[in-house]
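Colleague: pasting the sequence and the predicted coordinates here, then a few questions.
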Amino acid sequence: MASERRVSVKRLVLFVFLPLVLLIGAAVGVMTSGLLGTANKDEPPPVPKIDLSKLPGGYVDIPDLIINMRGADGSARLLIMQATIHLESQDFRPLVQNELPKVQSALILFLRKQNPDTLYTAAAVEVLRKEMERLTAEAIKPQKLVGLTIGRMQIR
């Protein structure tokens, strides 16, 4: 009688509970995978259109800076950098564009003295950017510089 109960319990588990667990697991898997589809599709919100002419300040792109550098071991390296100047007002753009050769000259002289092997960390690039910002602010005086952004930097 005890063995009959053990067999009946095993059959109950095998034929009732196991299929029930498998069906519930499959149903949860189908629902969470999105195979059934939903009536309420989540679409990304539309990208807001920004009128750049209404933003405060103006931007001036510094032409690509191409600098020959020497590594610590004396190997030649080439630095290609693109930077953008952010000005306090758009009205200063023509004035700063006339000063771009002076800005480029100051930045090239500064960058030639840098060791290219140290420019592979974010902290070093941030220190470099701050010094470039200071040099640019001196070169475009009396116009006010809001910031300088390094858009691209390659060391070959």
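Modeller: On my side now, so go ahead. Residues are numbered from 1 along each chain as shown.
Colleague: going by C-alpha atoms from here, please, whenever you check contacts or count neighbours.
Modeller: OK.
Colleague: dihedrals phi and psi, residue 25?
Modeller: phi -60, psi -40 (degrees, to the nearest 10).
Colleague: quick check: it vs residue 15, distance?
Modeller: The spacing between residue 25 and residue 15, counted by CA to CA, to the nearest Å, is 16 Å.
Colleague: next: residue 144.
Modeller: Distance from residue 144 to residue 15, counting by CA to CA: 80 Å.
Colleague: so between those two, which is more surrounded?
Modeller: Applying other CA atoms under 10 Å to residue 144 and residue 15 shows that residue 144 carries more neighbours, namely 15 against 11.
Colleague: dump the residue contacts of the closest residue to that one other than its chain neighbours.
Modeller: Excluding the flanking residues, the one nearest residue 144 by CA to CA, 6 or more residues apart in numbering is residue 88, at 5.8 Å. Contacts for residue 88 were tallied using CA atoms under 8 Å, 6 or more residues apart in numbering; they are 56, 57, 58, 143, 144, 145, 146.
Colleague: distance of residue 88 from residue 100?
Modeller: According to CA to CA, residue 88 stands 16 Å off from residue 100.
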